[in-house]
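*Asks:* Okay, here's the prediction I keep looking at, along with the sequence it came from:
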Amino acid sequence: MPIRQFLIAGSVAALTIAMPLAVQAQEVVKPSLTLKAAKAQFRRVSFASSLPAPSGTLVLPLAGEADLASRAASLNEAERAAIARALAAAEFDYKSGTLSLRGIGGWDRIQVVGTGTDMSAAAIQKLGVAAGRALMKDKGSLTVLANGLPAEAVAELATGMGIGEYRSDLYQAKAREAGPMAGTTIVTDATDPARAAYAGRGRPLIEAMAFARDLSNEPANVIYPESFVERTRAAFAGVAGVTIEALDVPAMEKLGMGSILGSGRGSARPPRMLIVRYTGRGAPSNGPVVLAGKGITFDSGGISLKNGSGMGDMKFDMSGAASVVGAALALAKSRAPVDVVAIAALSENMPDGNAARPADVLQAMNGKTIEIISTDAEGRLVLADAVAYADTKLNPAAIVDMATLTGAIMTALGDDYAGLFSRHDPLADQLLKAGDASGDAVWRMPLHPSYAEDTKSTIADIKNSGAGGAGAGAGAHFIGAFVKPETPWAHIDIAGMAWGGANDLKPAGSTGYGVRLLERFVRDFQPVPKVAGE
Ligand code: BES
Ligand code: MN
Ligand code: ZN
């Protein structure tokens, strides 16, 4: 590799400027051309007003004993009596559990799902997720008795089932491709509105969730900044109202984005700033809602190297970026009347001879200088330029960033809530509401003035790791320093939420957390006064 040898022999500083990183990278990167994940697959969903002939699995949601007579009116009396006997014998509580019954009528099995009385969209969708996942192994068709439920609830149930059918075994091609491919029939007295709600919003959400989770689950030898951009372009191909721009290294140099560039200097894969804009028909014209995602395609820690145990999880460190792009994809595919920009701040945090060091000073796009204390606090470096770009170039109605930013937020909130930080109460309130409505839970955290003290540098405007104990708050404060005080801005730390082990609601790996939260938030967004918050 002549360029590399020349670099070592010659003046590194002069040559780095003369030779853009992208050119160096072409010399050293050998993309994995042969590795290709199996495509995610889902059951085809149709809506019918009457019960089809018995075959495969019947799903029977029940809130109580009385529901059986009405919802299962289309079953014959002997079938209903058998179900009633089984429910009584099992002391079924109708609250959440499921009961699997075999040998009744012509069905392979009847899966009773306790719905409880919470009929909110999030609760119904969650039931669907659990059912979709529980019935993954059923080879035959599914029939869901959903009559008596309002159209919106029926669509949420169907949407949940599609989300629940997601599987993360990307490289067990046979497993994924032999997935649950027979169709689902939803029996409902509201076929037309349910079908419209599902096709208009549910199906796009299922696809966007799968897109985001696939991106997150992919290993870092497959997904790096440039391949993230390619996957995004492919996902949006043919979707109306969308423009995609990817800033490469020279473009970012021109804009002065020294912070994201500094974060990526140790990697053979050059950083990218990906900007996806979707403007729907009938969208408000007072500036876009900007969603900025941390897109560290692998976080080794850089020169401040992480220890080995669990380091592989850092392939998920681009989950914020996947979720913001996923939310934009859901909105665009459903033709929502919104103006949204998803920015994926993409970089790989690796140690090598070109990598940034502790005590190095970087300069972000808005002119602020940053002293690096730890190269492992890299998420805030890429987001500094992402939010500064949004703030100065896009006239945003609001900026929300989403990031697997700190281990500290996991200590505080576990995997029950993402941490929400904002100087603007009306914006925070909208995000909390979207959290409740979508089921992606968020908990508000403080931005104490002491975090400004904690991040004071003696050589630069700010340092990238705080001196105090509030690790998540210091990270939030740092990002906020690159947004004008009057711009409505919020930061969501999803480090505890983005991935985990398998459970009743998900396979191992990415959760897709944030896609549903941000989709709901942007859809319902109300302008927030642009006054300095605190
Ligand atoms: N990506 C990590 C945060 C993380 C850790 C997310 C574990 C999920 C699980 C982030 O870049 C990081 O390394 N943060 C440091 C910040 C510190 C150096 C100021 C942390 O949390 O320790
Ligand atoms: Mn890190
Ligand atoms: Zn990180």
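*Replies:* Sure thing, it's come through. Ligands and ions are numbered 1, 2, ... in the order given.
*Asks:* Secondary structure element holding the residue sitting nearest the centre point of the chain?
*Replies:* By C-alpha atoms, centre = their mean, the chain has its centre lying nearest to Ser323, at 2.5 Å. For Ser323, the host element (DSSP states H and E) is helix 319-333.
*Asks:* what about that helix and ligand 3, any contact?
*Replies:* No: using C-beta under 5 Å from the ion, we find that helix 319-333 stays clear of ligand 3, coming within 9.7 Å at best. Quick note: C-beta positions are derived from backbone N, CA and C, even for glycine.
*Asks:* I'd like the distance from that helix to the chain centre, please.
*Replies:* Relative to the centre of its chain, helix 319-333 is centred 7 Å away, using C-alpha atoms, centre = their mean, to the nearest Å.
*Asks:* Over to stretch 127-145?
*Replies:* Relative to its chain's centre, stretch 127-145 lies at 24 Å (C-alpha atoms, centre = their mean).
*Asks:* still on that earlier bit, quick check, the residue nearest to the centre of the chain in contact with Ala212.
*Replies:* Yes: counting by C-beta atoms under 8 Å, Ala212 is a contact partner of Ser323 at 5.4 Å.
*Asks:* Show me whatever sits in contact with both of these two.
*Replies:* Gly512, Gly514, Val515 (C-beta atoms under 8 Å, 6 or more residues apart in numbering).
*Asks:* who's in contact with the host helix or strand of Arg277?
*Replies:* Arg277 is part of strand 272-279, with elements assigned from DSSP H and E. Contacts to strand 272-279, defined as C-beta under 8 Å, 6+ apart, come from residues 225-226, 228-229, 232, 236, 239, 241-248, 251-252, 257, 260, 288, 295, 321, 325, 328, 331-332, 338-347, 385-386, 389.
*Asks:* rerun that using 6 Å as the cut-off
*Replies:* Applying C-beta atoms under 6 Å, 6 or more residues apart in numbering, the external contacts of strand 272-279 come out as 225, 229, 241-247, 252, 325, 328, 331-332, 339-344, 346.
*Asks:* Now, of those residues, which are buried?
*Replies:* Among those, the ones that count as buried by 16 or more other C-beta atoms under 10 Å are 225, 229, 241-242, 244, 246-247, 252, 325, 328, 331-332, 339-344, 346.
*Asks:* Would you mind checking the average pLDDT for the helix holding Ser323?
*Replies:* The average pLDDT within helix 319-333 is 99.
*Asks:* Stretch 404-421 too?
*Replies:* Throughout stretch 404-421, pLDDT has a mean value of 98.
*Asks:* quick one: is that stretch near ligand 2?
*Replies:* No: Stretch 404-421 stays out of contact with ligand 2 when judged by C-beta under 5 Å from the ion, the minimum separation being 8.5 Å.
*Asks:* Residue numbers of this protein in contact with ligand 3?
*Replies:* For the chain, the residues in contact with ligand 3 (C-beta under 5 Å from the ion) are Ile296, Asp299, Asp317, Gly379.
*Asks:* can you narrow these to ones near ligand 1?
*Replies:* When contact is defined as C-beta under 6 Å from any ligand atom, the residues of the chain next to ligand 3 meet ligand 1 at Asp299, Asp317, Gly379.
*Asks:* Look up the residues forming beta bridges with the first one.
*Replies:* Beta-bridge pairing for Asp299 (DSSP bridges): Asn349.
*Asks:* and if you look at Ala403?
*Replies:* Taking DSSP bridges as the rule, Ala403 bridges to Asp493.
*Asks:* so what's it up against?
*Replies:* So Ala403 contacts Lys294, Gly320, Gly379 (C-beta under 6 Å, 6+ apart).
*Asks:* could you redo the last one with a cut-off of 10 Å?
*Replies:* 292-296, 317-321, 323-324, 345, 379-380, 382-383, 386, 409, 418, 475-476, 479, 491-495, 498, 514 (C-beta atoms under 10 Å, 6 or more residues apart in numbering).
*Asks:* thinking again about what came up before, between the residues of the chain next to ligand 3, which sits nearest Ile459?
*Replies:* Nearest to Ile459 among the residues of the chain next to ligand 3, counting by C-beta to C-beta, is Gly379 at 21.9 Å.
*Asks:* That concludes my questions; thank you for your assistance.
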